[in-house]
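Asks: no sequence for this one, just the structure:
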Ligand code: MF3
Ligand code: CO
């Protein structure tokens, strides 16, 4: 069952998601050569506590950190460590919080210092694919229109979409129905309705789509070792169209849907 939220509940979710966006902005600004992903995790943790919120990922199915920090060929669920970032790396910063019982969830991939033009294109196309998916998150459409739009944009730009991980409904749980694949035929699946809140999160590989999970049980990497990018927004479906609840305004992605 897909839980639809009232306007008042969406306003509460806006609070949790605005906090995620603000912290991601700060993490993106702190992402620089020499920083470790453990530093970024500690910063996220501190900001969440200062806001009186709770980290959504820590302890979720045993996940050990506040932040997922996935470097280069790591796709998602990278565990923060003492590995220092170096110029030219890319890192996906994915974070969730709980405020007043409602979840917020968003991710951005940022370059560390100067990155290669083809790497920048991977980031840009992935964020654009998210924007195209969000544009399909409209009342009266069908769920698979979202993934279809993402896949079409990614593949027409010569990259590939990851199949093993999907977006999700979100609300009083981190992962609610429906699952939101980043591929598929249009016009399939549940009809999109006012009050649905969806975390849309394309994962895009520069090479082939295959991924595997490392022995730590979490870190997903590309099978071919190619770079991977990940952007995620939490989006409420309103009568006026999609309302992005995790709009950022600083560095690291455009901040625009
Ligand atoms: N944004 C991811 C998701 O929604 C992050 C989950 S990490 C986990 O699935 F640790 F919480 F599993
Ligand atoms: Co998510």
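Replies: Received it, and whenever you're ready, just let me know what you need. Computed from a prediction, not measured in an experiment: that's the story for all the values here. Ligands and ions are numbered 1, 2, ... in the order given.

Asks: How many residues are close by residue 208?
Replies: 12 (other C-beta atoms under 10 Å). To be clear about C-beta, it is placed using only N, CA and C from the backbone, and glycine gets the same treatment.

Asks: which stretches of the stretch 101-250 of the chain form strands?
Replies: 102-111, 160-161, 167-169, 176-180, 197-200, 203-205, 211-213, 220-222, 228-230, 233-238, 241-244 (DSSP state E, counting those that start in this stretch).

Asks: For the ones you listed, give me CSV that also has distance to residue 54.
Replies: Below are the strands of the stretch 101-250 of the chain laid out as CSV (distance: least, C-beta to C-beta, whole Å):
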stretch, distance to residue 54
strand 102-111, 10
strand 160-161, 31
strand 167-169, 19
strand 176-180, 18
strand 197-200, 17
strand 203-205, 25
strand 211-213, 26
strand 220-222, 25
strand 228-230, 23
strand 233-238, 16
strand 241-244, 23
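
Asks: And the residue lying closest to residue 181 once chain neighbours are set aside, how close does it get to ligand 2?
Replies: Spatial nearest neighbour of residue 181, chain neighbours left out: residue 147 (4.5 Å); criterion: C-beta to C-beta, 6 or more residues apart in numbering. Separation of residue 147 from ligand 2 (C-beta to the ion, to the nearest Å) stands at 15 Å.

Asks: cool, residue 209 as well?
Replies: 19 Å.

Asks: pLDDT at residue 249, what is it?
Replies: pLDDT for residue 249: 89.

Asks: how about the helices in the stretch 1-150 of the chain?
Replies: Applying DSSP state H, counting those that start in this stretch to the stretch 1-150 of the chain gives helices spanning 7-30, 37-50, 117-135, 144-156.

Asks: Just name the most buried of the ones you listed.
Replies: helix 144-156 (a mean of 22; mean count of other C-beta atoms under 10 Å).

Asks: got a list of contacts for that helix?
Replies: Contacts with helix 144-156, where a contact means C-beta atoms under 8 Å, 6 or more residues apart in numbering, come from 125-126, 128-130, 132-137, 160-161, 167, 180-189, 192, 198, 200, 202, 204.

Asks: and with 6 Å instead?
Replies: 129, 132-133, 136-137, 161, 180-184, 186, 188-189, 202, 204 (C-beta atoms under 6 Å, 6 or more residues apart in numbering).

Asks: so it versus helix 117-135, what angle?
Replies: 160 degrees (axes from the mean of the first three to the mean of the last three C-alpha atoms, to 10 degrees).

Asks: any idea of the angle helix 144-156 forms with strand 233-238?
Replies: Put simply, helix 144-156 runs at 140 degrees to strand 233-238, going by the same axes, to 10 degrees.

Asks: Off-centre distance for helix 144-156?
Replies: Its chain's average C-alpha position is 16 Å from that of helix 144-156, according to C-alpha atoms, centre = their mean, to the nearest Å.

Asks: taking the mean pLDDT, what do you get for that helix?
Replies: Averaging pLDDT along helix 144-156 gives 98.

Asks: ok so, going back, as JSON lines, the strands of the stretch 101-250 of the chain with distance to residue 61 and mean pLDDT would be great.
Replies: Below are the strands of the stretch 101-250 of the chain laid out as JSON lines (distance: least, C-beta to C-beta, whole Å; pLDDT from 0 to 100):
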{"stretch": "strand 102-111", "distance to residue 61": "15", "mean pLDDT": "98"}
{"stretch": "strand 160-161", "distance to residue 61": "24", "mean pLDDT": "98"}
{"stretch": "strand 167-169", "distance to residue 61": "14", "mean pLDDT": "98"}
{"stretch": "strand 176-180", "distance to residue 61": "15", "mean pLDDT": "98"}
{"stretch": "strand 197-200", "distance to residue 61": "16", "mean pLDDT": "98"}
{"stretch": "strand 203-205", "distance to residue 61": "18", "mean pLDDT": "99"}
{"stretch": "strand 211-213", "distance to residue 61": "13", "mean pLDDT": "98"}
{"stretch": "strand 220-222", "distance to residue 61": "14", "mean pLDDT": "99"}
{"stretch": "strand 228-230", "distance to residue 61": "19", "mean pLDDT": "99"}
{"stretch": "strand 233-238", "distance to residue 61": "20", "mean pLDDT": "98"}
{"stretch": "strand 241-244", "distance to residue 61": "27", "mean pLDDT": "98"}
